[in-house]
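> sequence first, then the predicted structure, then my questions.
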Amino acid sequence: MRSFFAVFSRELRAYFVSPLAWVILTALLLIQGYFFSLIISALSDPNTVAGATPFSHFFGFFWISLLFITPAITMRLIAEERRSGTIESLMTAPISEVEVVLAKFFAALTFYGFLWLPTVAYPVLVGRHTDVDWGPVASGYLGTLLIGALALAVGLFGSSFTKNQIVAAVTTFGLLMVLFALPWAGDLTQDETIGKVFSYMDLIVHMDEFSKGIIDSRRLVYYLTTTALFLFLTTRALAAKKWR
Amino acid sequence: MIEARGLTRRYGEMTAVHDVSFSVADGEILGLLGPNGAGKTTTIRMITGFLPPSEGRVTLAGEDLFADPIKARRALGYLPENVALYTEMRVEEYLRYRAKLAGLGRGQTQRALDDAIDACLLDGVRFQIIGTLSKGYRQRVGLAATILHGPQVLVLDEPTVGLDPKQIIAIRELIRDLGRERTLLLSTHILPEVEQLCDRVVIIDRGRLVAEGTPAELAKETREHRVVSVTVKAEGESTEKAARVFGDLGMHLDVDAERPGRFQLRAEGGGQDPRERIFQAAVEHGLILLELGEKRVSLEDVFVRLTTGQGAPTSDVVPDEAQDSAADEAQDKPEGDS
């Protein structure tokens, strides 16, 4: 456990001393802030059809930005250890592959959570002027966390078999696009069963539900198992040390 | 205690290391020698558990490395060949991280940290960012991180590379101290270092173990022949004449084509000092001797002899270039030695 925390805290600290992290944070805050102000001004217009809250809009769509952000968060995690050679000290220390992967994953997830932290100000600000339904806000954050965890696990996997951070980021982005586009593939197939399976994997539908306060256990199972699957694949990639 | 049994590593069709076995006892320093590409690093990586062997077993401090890797690695301190550190960290911070990674508690860490910093002469750079340190300092930070948690088994891959002569002496002193109680496997290119530090030597060439013994034993094997270098004054026909005269002495003669008048003679078997016969022959034939000296047989000669194919079992493991590079490397002057 001590070894786990050694890696976890080192990784987390490494985020905050790298300029990339602050660039990501700044970009994300600009995008989120801009869109949130658009949402607010649109909803303030008396002509807008009633029925939506600022947060169902906010969580329903703007998670899309994380397709671009997560590869940048995770690309360094293992690829950089391979490039610099520090992986040799790490993997000969008394720590298991599973612990290494989990420590890196939770460090990335914590940083991801930190990126979203400032947005808590939005419902608080809105709450000073009107009533906020906190349930959907909470489920919106839950959905954001789950989809982020999946994307970060994919990213960690993408970083695990290369020395090159760019390769890691591009691989991750490609895999995320596949996950994202699966429901469209489902629309194209004639086979009803396959189409149905793919439609269950529609991230847009999932997030729409979360943003409206619906927590469907099928979604929880989908995110938790897929995240676990990619983390498992990462431990396998790390154990197969023949590539170097 | 390190025990390696039948270590073999194949990469596809190529066998990088073939059936290497040896053991290192507690309180012993074993030198691992071999030319570049001989399979030294592959062997070391298998012993430290970084690379799984295709066949074979490794035991570290009594723990089987593959049955219980975590427990075995707890007893291991490993300094890889190219010391890689997290360059954005400060020295002390990095050492704290490594202590925690090795499982040291908060209470033990402070003392271990101070001891390692003292031993590796790092006090002056304690709070410096690793990325700003010179190669020698980084090497010592790596070494400090290796010995920090007091491991029973130490594996050091070229620990004195990049250090200045004063630091080399200090680090060798440290290695000798460490080797007194612990099990130490030392891989190095610097042959005098092996002669100074190692109780026993293992030589690997083209993936196979070609020799094992104390430095003295290995040198004795080669001392069977005595090598004498001779220089006669080169004027007129004297070089050709000397070649004829020395050729008749019944010793193996090498002529230095570059420098007229220079020869190397190798007498098989011990016995009488060949220098006497050479001197007398030179006097008889009116050759003027400028130099007559016996070459000390060093580990370097053993190394060259064993790794350039003479007397070593031939193998088809690595293509022929390995032979050339072996000779090249062995002839390189050892660096930074005083």
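Structure received.
> pLDDT score for residue 212?
Assuming you mean chain A. Turning to A:Lys212, the model gives it a pLDDT of 83.
> switch to chain B, that's the one I care about
88.
> likewise A:Leu145?
pLDDT, read off for A:Leu145, is 92.
> now the one 10 residues further on
The predicted local confidence for A:Gly155 comes out at a pLDDT of 96.
> list the contacts of it.
Listed by CB atoms under 8 Å, 6 or more residues apart in numbering or on different chains, the contact partners of A:Gly155 are A:Thr70, A:Pro71, A:Ile73, A:Thr74, A:Met75, A:Leu77, A:Ala108, A:Ala168, A:Thr172, A:Leu176. Placement of C-beta: from N, CA and C, glycine included.
> pull the most distant pair out of these.
Largest separation among the contacts of A:Gly155 by CB to CB: A:Leu77 and A:Leu176, giving 15.5 Å.
> the more surrounded of these two?
Neighbour totals were compared for A:Leu77 and A:Leu176, and A:Leu77 leads with 26 against 21 (other CB atoms under 10 Å in any protein chain shown).
> and the helices in the stretch 1-150 of chain B?
In the stretch 1-150 of chain B, the helices defined using DSSP state H, counting those that start in this stretch lie at B:40-47, B:69-74, B:91-101, B:106-119, B:135-147.
> quick one, what contacts the closest residue to B:Glu81 other than its chain neighbours?
Spatial nearest neighbour of B:Glu81, chain neighbours left out: B:Asp157 (4.2 Å); criterion: CB to CB, 6 or more residues apart in numbering or on different chains. By CB under 8 Å, 6+ apart, B:Asp157 lies in contact with B:Lys40, B:Thr41, B:Ile44, B:Tyr78, B:Leu79, B:Pro80, B:Glu81, B:Ser187.
> mind checking which of those residues are buried?
Neighbour counting with 16 or more other CB atoms under 10 Å in any protein chain shown marks B:Lys40, B:Thr41, B:Ile44, B:Tyr78, B:Leu79, B:Pro80, B:Glu81, B:Ser187 as buried within the contacts of B:Asp157.
> count of residues packed around the residue in the stretch 101-250 of chain B that chain A sits nearest to?
Residue of the stretch 101-250 of chain B nearest chain A, by CB to the nearest CB: B:Leu101 (4.2 Å). B:Leu101 has 24 neighbours, counted by other CB under 10 Å.
> mind listing what's buried along the helix or strand bottoming out on mean pLDDT in chain A?
None of the helices or strands of chain A scores lower by mean pLDDT, DSSP states H and E than helix A:54-61, at a mean of 79. The neighbour-count check on helix A:54-61 (16+ other CB under 10 Å) flags A:Pro54, A:Phe55, A:Ser56, A:His57, A:Phe58, A:Phe59, A:Gly60 as buried.
> stretch B:99-106 too?
So for stretch B:99-106, counting by 16+ other CB under 10 Å, buried means B:Ala99, B:Lys100, B:Leu101, B:Ala102, B:Gly103, B:Leu104.
> kindly report the same for stretch B:198-214.
So for stretch B:198-214, counting by 16+ other CB under 10 Å, buried means B:198, B:200-211.
> those residues of chain B touching chain A, which are they?
B:11, B:45, B:48-52, B:69-71, B:73-74, B:76, B:78, B:80, B:82, B:84-89, B:97-98, B:100-105, B:145 (CB under 8 Å from any CB of the partner chain).
> any chance of a ChimeraX selection covering the buried ones in those?
To isolate the buried members of the residues of chain B next to chain A in ChimeraX, using 16+ other CB under 10 Å:
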select /B:45,48,49,50,51,52,69,73,74,76,78,80,84,85,86,89,97,98,100,101,102,103,104,145
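> picking that back up, JSON lines for the helices of the stretch 1-150 of chain B, including mean pLDDT?
Below are those laid out as JSON lines (pLDDT from 0 to 100):
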{"stretch": "helix B:40-47", "mean pLDDT": "91"}
{"stretch": "helix B:69-74", "mean pLDDT": "91"}
{"stretch": "helix B:91-101", "mean pLDDT": "95"}
{"stretch": "helix B:106-119", "mean pLDDT": "91"}
{"stretch": "helix B:135-147", "mean pLDDT": "91"}
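> quick one: low-confidence ranges for chain B?
By pLDDT under 70, the low-scoring segments of chain B are B:221-225, B:268-271, B:296-301, B:308-338.
> now do the strands in it.
B:2-11, B:14-24, B:29-33, B:55-60, B:63-64, B:76-79, B:153-157, B:183-187, B:200-205, B:208-213, B:226-232, B:252-255, B:262-267, B:289-294 (DSSP state E).
> sweet, I'm off.
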